[in-house]
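*Asks:* Okay, predicted coordinates and the sequence, questions at the end:
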Amino acid sequence: MTCTNESQQDRKKEMMAVHDAMDVLSGKWKIYIISSICHYNRRRFSDILNDVVGISNKMLSKELKELETNRLVKRTVLDTHPVTVQYELTKHGLTLRNIINNLTEWGIAHRKEIIAKD
């Protein structure tokens with residue numbers, strides 16, 4: 001079976017879209033950070049730090065800034081003493097909720113599959 005030019009162009013566009021998505025979401029920590037915020041709706045910096053095992057303060061700060069730049073996460077500084085910073089998904093970031101939920105369900109099923117005895 002051969003692809004038509006139109007079909008090949010469509011596939012290139014689809015692959016570029018995957019490339020774009022992976023460019024924004026790639027790295028060791030971003031999916032974990034998005035997942036933490038997604039499952040709780042709003043998270044403080046320290047909460048995310050506790051949720052994402054192994055991430056440093058500096059790396060979490062860097063990743064959150066990148067997620068803000070890509071309009072996936074909104075940072076809110078609350079007028080408290082000491083200052084509290086909360087993070088939540090933007091309207092655009094919320095479009096990832098189904099993906100995070102599907103990934104969670106797949107991870108649970110995969111763990112069961114791997115642990116299951118044949």
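*Replies:* Cool, the structure landed.

*Asks:* wouldn't residue 42 be in contact with residue 84 here?
*Replies:* No: the pair residue 42 and residue 84 does not pass the contact test of CB atoms under 8 Å, sitting 10.7 Å apart. Every residue, glycine included, has its C-beta placed from N, CA and C.

*Asks:* Only the C-alpha atoms, please, for stretch 15-33, written as CSV.
*Replies:* The C-alpha coordinates for stretch 15-33 follow below in CSV (Å, rounded to 0.1, in the frame of the first residue of the first chain):
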residue,chain,number,x,y,z
MET,A,15,4.2,14.0,13.2
MET,A,16,5.1,17.7,13.5
ALA,A,17,2.2,18.1,16.0
VAL,A,18,3.6,15.2,18.1
HIS,A,19,7.0,16.8,17.9
ASP,A,20,5.6,20.1,19.1
ALA,A,21,3.8,18.4,22.0
MET,A,22,6.9,16.5,23.0
ASP,A,23,9.0,19.6,22.8
VAL,A,24,6.7,21.3,25.4
LEU,A,25,6.1,18.3,27.6
SER,A,26,9.4,16.5,27.4
GLY,A,27,11.9,16.2,30.1
LYS,A,28,12.1,14.2,33.3
TRP,A,29,9.7,16.3,35.4
LYS,A,30,7.0,18.1,33.4
ILE,A,31,4.4,15.4,33.2
TYR,A,32,4.8,14.7,37.0
ILE,A,33,4.4,18.4,37.7
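
*Asks:* mind listing what's buried in it?
*Replies:* Neighbour counts over stretch 15-33 (16 or more other CB atoms under 10 Å) mark 29-33 as buried.

*Asks:* any low-confidence regions in the protein?
*Replies:* For the chain, applying pLDDT under 70 flags the ranges 1-6, 117-118.

*Asks:* Can you check which helix is longest in it?
*Replies:* Looking across the chain with DSSP state H, the single longest helix is helix 5-25.

*Asks:* Now do that helix: distance to the chain's middle.
*Replies:* Counting by CA atoms, centre = their mean, to the nearest Å, helix 5-25 is centred 19 Å from the centre of its parent chain.
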